[in-house]
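A.B. asks: any chance you can model this:
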Amino acid sequence: MLFIQLMLTYPKTYHGLAKAVQIVAGLIANICLGWSFYWIGYFVQDIIAVVLILTLFINILQFLFHFLNLNKAWTTIDWKRPETIYAIVGVVLTFVCMIFESIYAFNLPWSVRWIFTAIFGWILCGAFGVEAFLFLTGRVED
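C.D. replies: A predicted model of the protein is given here:
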C-alpha cells in the first residue's frame, strides 16, 4: 500500500535547500537562454538547453518525490545511490556545459542573456556540487 504524507520539513533541510536552489537557478537559466538560439545554429547551445531542461525537470520531480515523502513509501529501493550518481553526473554535465556557455557568452558582444545563463548555470553547478557533497559525506537524512 502506498501511503503519501507531506514532509513539510524537507525544504528546511540542507538537501531541500540545495534542491530548491537547483530548481530556481535552473529555471532562471532556462528563461535567460530562451529558445531563440535555434535560428543561430550553435550546436553547443542545443546541448546546453537539453541539459538545463532535463536537469530542471528531474530536480522538480526529485523535490516533489521528497516533499511527498515517497522515498519512505517505496522502501524496497535504495534511493541514496541513484541520487548520489545523479548529483555527480549533474556536476560534471553542468560544469562542461557552463564552460562552453561562458566561452560563447563572453565572446559574443550581443549576448547579455547568455551571460546571465552562464552565471545561473554556474550557481546550478555549485548546487549540484553541494548536493553531491551532502550525499557522499552522509549528511542527507533518511
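A.B. asks: list the contacts of Tyr86.
C.D. replies: For Tyr86, the contact set (C-beta atoms under 8 Å, 6 or more residues apart in numbering) comprises 58, 62. For every residue, glycine as well, the C-beta is placed using N, CA and C.
A.B. asks: quickly find the element holding it.
C.D. replies: In this assignment (DSSP states H and E), Tyr86 forms part of helix 80-107.
A.B. asks: chain center to that helix: distance?
C.D. replies: Mean C-alpha position of helix 80-107 versus that of the full chain (C-alpha atoms, centre = their mean, to the nearest Å) differs by 9 Å.
A.B. asks: with stretch 56-64 instead?
C.D. replies: Computed by C-alpha atoms, centre = their mean, the chain-centroid distance of stretch 56-64 equals 8 Å.
A.B. asks: restricting to C-alpha, output it in PDB.
C.D. replies: Only the C-alpha atoms of stretch 56-64 are listed here, as PDB (Å, rounded to 0.1, in the frame of the first residue of the first chain):
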ATOM      1  CA  LEU A  56      15.200  21.200 -14.200                       C
ATOM      2  CA  PHE A  57      12.600  18.600 -14.900                       C
ATOM      3  CA  ILE A  58      14.400  15.900 -12.800                       C
ATOM      4  CA  ASN A  59      15.100  18.400 -10.000                       C
ATOM      5  CA  ILE A  60      11.400  19.300  -9.800                       C
ATOM      6  CA  LEU A  61      10.500  15.600  -9.700                       C
ATOM      7  CA  GLN A  62      13.000  14.800  -7.000                       C
ATOM      8  CA  PHE A  63      11.800  17.800  -4.900                       C
ATOM      9  CA  LEU A  64       8.200  16.500  -5.200                       C
END
